[in-house]
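J.: Below are the sequence and a predicted model for it; my questions follow.
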Amino acid sequence: MVKKKTAVLLFLVFCLLGIPACSSQSELKDGYYTAQAAQASHGWQEFVTITVRGGKITSVEYNAKNDSGFIKSWDNAYMYNMKSDTGTYPNEYTRNYAAQLLQKQASGIDAIAGASHSSKSFEKLSAAVIEQAKKGDSNVIKVVTE
């Protein structure tokens with residue numbers, strides 16, 4: 001009985017210390033991975049790109065582009081309109097969601113008021129891109145986000 005409790009305790013300590021055998025992130029294969037919305041929404045096609053090094057997500061980009069390739073976060077007119085309507089804007093919430101994924105190393109983010117539609121898309125895209133990284137499949141995956 002004591003040996004069993006000791007074994008369980010040691011396992012939990014290793015997991016808390018981040019030993020790779022206990023971490024789902026040890027399943028991630030190094031590389032670059034992108035998940036993209038299957039269809040544009042309001043003229044913008046969202047995407048999440050991650051870089052994995054040493055089995056960990058080391059960078060995250062979340063954004064959207066229009067048909068000409070223009071990035072949503074760069075659209076100042078869109079930013080001013082959205083900020084006044086919702087209290088947030090693409091350059092703010094995309095960086096926030098990306099930072100949360102980088103910090104947590106897993107999908108499951110706290111939504112920002114005014115960007116709830118994007119939070120749902122980000123959840124689906126980030127879950128899909130993590131699955132791609134687990135497989136080591138660097139093909140861009142299309143995800144239904146609506």
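T.: Great, that's in hand.

J.: can you tell me which residue is nearest the centre of this protein?
T.: Ser126 (3.6 Å; C-alpha atoms, centre = their mean).

J.: Tell me which helix or strand that one sits in.
T.: Assigned by DSSP states H and E, Ser126 belongs to helix 116-135.

J.: Would you mark the buried spots in the next helix or strand after that helix?
T.: Counting by DSSP H and E, the next helix or strand C-terminal to helix 116-135 is strand 141-143. Buried residues in strand 141-143, defined by neighbour count with 16 or more other C-beta atoms under 10 Å: 141, 143. Quick note: C-beta positions are derived from backbone N, CA and C, even for glycine.

J.: residues contacting the residue nearest to the centre of the chain?
T.: Applying C-beta atoms under 8 Å, 6 or more residues apart in numbering to Ser126 gives the contacts 35, 48, 60, 62, 97, 101, 107, 109.

J.: which one of those is nearest Glu146?
T.: Distance to Glu146 across the contacts of Ser126 (C-beta to C-beta) is lowest for Ala35, with 14.5 Å.

J.: So which residues make contact with the helix or strand containing the closest one?
T.: Using DSSP H and E, Ala35 falls within strand 31-37. Contact with strand 31-37 is made by 45-52, 64, 121, 125-126, 128-129, 132-133, 136-138, 140-145, as judged by C-beta under 8 Å, 6+ apart.

J.: What pairs with it, parallel or antiparallel?
T.: Here strand 31-37 is paired, per DSSP bridges, with strand 45-53 (antiparallel), strand 141-143 (parallel).

J.: Most tightly packed of those strands?
T.: Comparing those by mean neighbour count (mean count of other C-beta atoms under 10 Å), strand 45-53 ranks first with a mean of 20.

J.: next SSE after it?
T.: Downstream of strand 45-53, the first helix or strand assigned by DSSP H and E is strand 56-65.

J.: what residues does that following strand touch?
T.: Here strand 56-65 has contacts from 25, 28, 37, 44-52, 71-73, 90, 94-95, 97-99, 101-102, 105, 122, 125-126, 133, using C-beta under 8 Å, 6+ apart.

J.: Thanks again, I'm all set now.
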